[in-house]
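Visitor: quick one, structure for this:
(one chain, ligands or ions: 2)
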Amino acid sequence: ATPLAILVGTGRGAQLGVLVRGAPALEDARAVQTVVLDKTGTVTEGRMSVTATHAPGLSAEAADALLDAAASVEDRSEHPIARAIAESRLTRVPLKGFRSTPGRGVTATVRGAGVDGANADLTVGARGLFDRVDDALEAWAAGREEAGETVVFAGRSRPLGGGLLGAAAPAVREPLAAEVAIAVRDRVKDSTPEALAAFRNLGLDVVLLTGDARRVAEAVGRELGIDRVIAEVLPQDKAAVVASLQEGGRRVAMVGDGVNDAPALAQADLGIAIGTGADVAREASDLTVVSGDPRAAADAIALSRRTYATIR
Ligand code: ADP
Ligand code: MG
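Guide: Ligands and ions are numbered 1, 2, ... in the order given. So this is what the prediction gives:
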């Protein structure tokens, strides 16, 4: 266990509480050339809320029942999108066999949710989980995404074996069609524009990295003037993205908050965990910005440059 010290210095780095894992971490910070920012929870608050839903093929009652079921499934997930969907509905339905695919979505078997009251598997998540998203849903989703909102879909399929009645698994799963689209909105942190200005003043290249859809990531990038956007990256692939940015010996800092970010934080030359989020993210990092204010990450790099420029 290397010592964690509170960054001693002037300015926001000290005020906002930057924990440093040993002096070498702070010394390394001065050499950083590229800063990779995770989108959700780093650039944005990471607290989402549902803004709209769209189910053109369903009656109002059927859409409500599907959304209640989706909220019940998302109740089991810790993801910010899941929390938003769970909070958007009051009614819960019984389910079993919950499973989640990191970076994609969640599925559970819901009693009586299928055709004629049969049990159904309900999937909630990214477009890529669905075999079919019809044009009406697709067009609606595109509009919300252009405005920077994240859209997930929900749809039912016949249970893939097990179910509530223990039916034998069919050899091939029936195609999964999206039936309702759910838009959620996150807010860019008030401190983000200033943090970006500070990174640019230090001459750093800024890259936005996310598992979210390309259209959403690009909308957020446009709003913030970040033109290098790497989207639709699965959690297990984030570290490889950092490694590719390190090619040619470039020194890369990664700023992230989530469990999913830990391997990328460890891969980076300088890992900066932000916020009070996941323990594993902090453990994988060289610096921790306790407050979650991304300006403190820029301050730490600036302080490192000042400190090690004078004493060498
Ligand atoms: P980020 O890089 O923004 O932290 P994640 O890798 O956690 O994103 O998730 C990527 C995408 O996977 C989300 O934008 C969403 O489409 C989908 N997803 C992940 N978990 C869930 C969930 N519990 N419910 C719905 N969608 C999910
Ligand atoms: Mg995240």
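Visitor: which residues touch the most centrally placed residue in the chain?
Guide: The residue at the geometric middle of the chain, judged as the C-alpha nearest the mean C-alpha position with C-alpha atoms, centre = their mean, is residue 40 (4.4 Å). Applying C-beta atoms under 8 Å, 6 or more residues apart in numbering to residue 40 gives the contacts 46, 80, 186, 210, 211, 212, 257, 258. Yep, even glycine has a C-beta here, placed from its N, CA and C like the rest.
Visitor: ok, now how distant is the fifth one from ligand 1?
Guide: It stands for residue 211. Here the distance between residue 211 and ligand 1 works out to 2 Å (C-beta to the nearest ligand atom, to the nearest Å).
Visitor: not counting sequence-adjacent ones, nearest residue to that residue?
Guide: Among residues not flanking residue 211 along the chain, residue 103 sits closest, at 4.5 Å (C-beta to C-beta, 6 or more residues apart in numbering).
Visitor: dump the residue contacts of the one you found.
Guide: The contact partners of residue 103, taken as C-beta under 8 Å, 6+ apart, are 126, 211, 233, 234, 235, 236, 260.
Visitor: what do you get for residue 180?
Guide: Residues counted as contacts of residue 180 (C-beta under 8 Å, 6+ apart) are 53, 54, 55, 58, 63, 66, 67, 70, 137, 153, 154, 155.
Visitor: kindly report the same for residue 223.
Guide: The neighbourhood of residue 223, defined by C-beta under 8 Å, 6+ apart, consists of 148, 188.
Visitor: tell me if the host helix or strand of it is near ligand 1.
Guide: Taking DSSP states H and E as the definition, one finds residue 223 inside helix 214-224. No. Counting by C-beta under 6 Å from any ligand atom, ligand 1 has no neighbours in helix 214-224; the shortest distance is 7.4 Å.
Visitor: cool, and stretch 108-120?
Guide: No. Using C-beta under 6 Å from any ligand atom, stretch 108-120 never reaches ligand 1; the gap is at least 11.1 Å.
Visitor: for the record, mean pLDDT for that stretch?
Guide: Model confidence over stretch 108-120 averages 88 on the pLDDT scale.
Visitor: buried residues in that stretch?
Guide: Applying a neighbour-count criterion of 16 or more other C-beta atoms under 10 Å, one finds 108, 109, 110, 111, 113, 114, 118, 119, 120 buried in stretch 108-120.
Visitor: likewise for stretch 24-36?
Guide: Within stretch 24-36, the residues scored as buried using 16+ other C-beta under 10 Å are 25, 26, 28, 29, 30, 32, 33, 34, 35, 36.
Visitor: on that earlier part again, tell me which of the contacts of residue 103 is nearest to residue 242?
Guide: The nearest member of the contacts of residue 103 to residue 242, counting by C-beta to C-beta, is residue 233 at 10.2 Å.
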